[in-house]
Structures are given as structure tokens and as C-alpha cells.
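> Provided below are the primary sequence and the corresponding predicted coordinates.
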Amino acid sequence: MSTPVVMERWAEASPRLKARAAGFFWLMTILTGAFGMVAGGRQIVPGDAAATASNILAHQALFRWGFTADLVGVFCYIAVTLLVYELLKPVSRSLSLLAAFFSLVGCAVGALGCLLQRAPDSTAG
């Protein structure tokens with residue numbers, strides 16, 4: 001199948017299917033975000049950079065999995081944003097577009113936060 005055919009089929013999909021897909025991606029956002037917080041947050045020791053660096057070096061794989069989960073969560077939330085935009089577009093196109101814009105800005109800020117959290121690991125080698 002070519003991309004335009006898939007896009008046409010998705011545009012013709014029922015609102016119920018789009019809502020279920022949005023719900024799935026919302027659930028994935030929550031689950032990956034929770035995993036990212038638990039996995040990445042365990043290594044952080046507030047006020048002690050040396051202990052934090054030591055924890056990250058000792059558990060590099062877990063720290064990287066947490067980072068990956070955070071990024072997957074951002075991509076899932078972008079999918080949620082697009083699906084909710086599609087669902088609400090018939091109600092008010094301009095308001096739906098404004099909500100999607102702010103949501104995508106939030107996604108960009110979240111992705112930047114993921115990258116800034118990753119910065120300490122890049123100095124480790």
C-alpha cells in the first residue's frame with residue numbers, strides 16, 4: 001500500500017476507532033512515562049552529583065532504558081495530539097488547532113527535557 005491510500009483510509013476511519021487509538025497511545029504514554037521516571041529517577045541523588053554519576057555509571061543500561069522510554073512516551077503523546085485533533089476538528093477547527101499547537105509545544109519541551117536528562121550520561125563515555 002502506498003502512503004496516500006493509507007492516509008485516505010485513516011481519514012475515513014470511524015471516530016470510535018480514532019478514539020480507541022488515542023486511548024491506546026495515551027495509555028502507552030502513561031506506562032512509558034512511569035517506567036522512565038522509575039528507571040531514570042532511581043539514579044538521581046538530590047544534592048550529590050558524585051553519587052548520581054556513580055549510580056548512572058553502575059546502572060547505564062537502566063538509565064538508557066529510562067531515556068528510551070521517555071522518548072517513546074513523547075512520540076506516543078504526539079500521536080495522541082494528532083488523533084485528538086482529528087476527533088475534535090469537526091466541533092471547532094480553530095480551537096482544535098490551537099489545542100494541538102500547545103500540545104505539540106509541550107511535546108517539544110518534554111523531548112528537550114529528555115535530552116537534557118541524558119546529558120550527564122554522554123560525558124561518561
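Great, that's in hand.
> Spatially central, which residue of the chain would that be?
V74 (1.3 Å; C-alpha atoms, centre = their mean).
> Pull the number of nearby residues for the nearest residue to G106 once chain neighbours are set aside.
Distance criterion C-beta to C-beta, 6 or more residues apart in numbering; nearest residue to G106, sequence neighbours excluded, is Y77 at 7.9 Å. The C-beta positions use only the backbone N, C-alpha and C, and glycine is treated the same way. Neighbourhood size, Y77 [other C-beta atoms under 10 Å]: 23.
> Next, Y77: secondary structure please.
Per DSSP: H, G, I helix; E, B strand; the rest coil, the secondary structure class of Y77 is helix.
> hang on, the earlier thing: in the helix or strand hosting the residue nearest to the centre of the chain, which residues are buried?
Secondary structure assignment for V74, by DSSP states H and E: helix 60-88. Neighbour counts over helix 60-88 (16 or more other C-beta atoms under 10 Å) mark 62-63, 66-74, 76-87 as buried.
> what mean pLDDT would you report for the following helix or strand past it?
Once helix 60-88 ends, the next helix or strand along the chain (criterion: DSSP H and E) is helix 93-122. Helix 93-122 comes out with an average pLDDT of 84.
> ok, and what's touching stretch 79-99?
For stretch 79-99, contacts defined as C-beta atoms under 8 Å, 6 or more residues apart in numbering pick out P15, K18, A19, A21, A22, F25, W26, T29, A100, S103, L104, C107.
> Which one of those is nearest to R9?
Checking these against R9 by C-beta to C-beta gives K18 as the nearest, at 12.0 Å.
> related to what we said a few turns ago, would a markdown table of the contacts of stretch 79-99 with neighbour count and distance to G47 be doable?
Listed next are the contacts of stretch 79-99 as a markdown table, based on neighbours: other C-beta atoms under 10 Å; distance: C-beta to C-beta, whole Å:
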| residue | neighbour count | distance to G47 |
| --- | --- | --- |
| P15 | 10 | 50 |
| K18 | 17 | 46 |
| A19 | 14 | 45 |
| A21 | 18 | 43 |
| A22 | 19 | 40 |
| F25 | 21 | 36 |
| W26 | 16 | 35 |
| T29 | 20 | 30 |
| A100 | 18 | 39 |
| S103 | 17 | 34 |
| L104 | 15 | 34 |
| C107 | 18 | 30 |
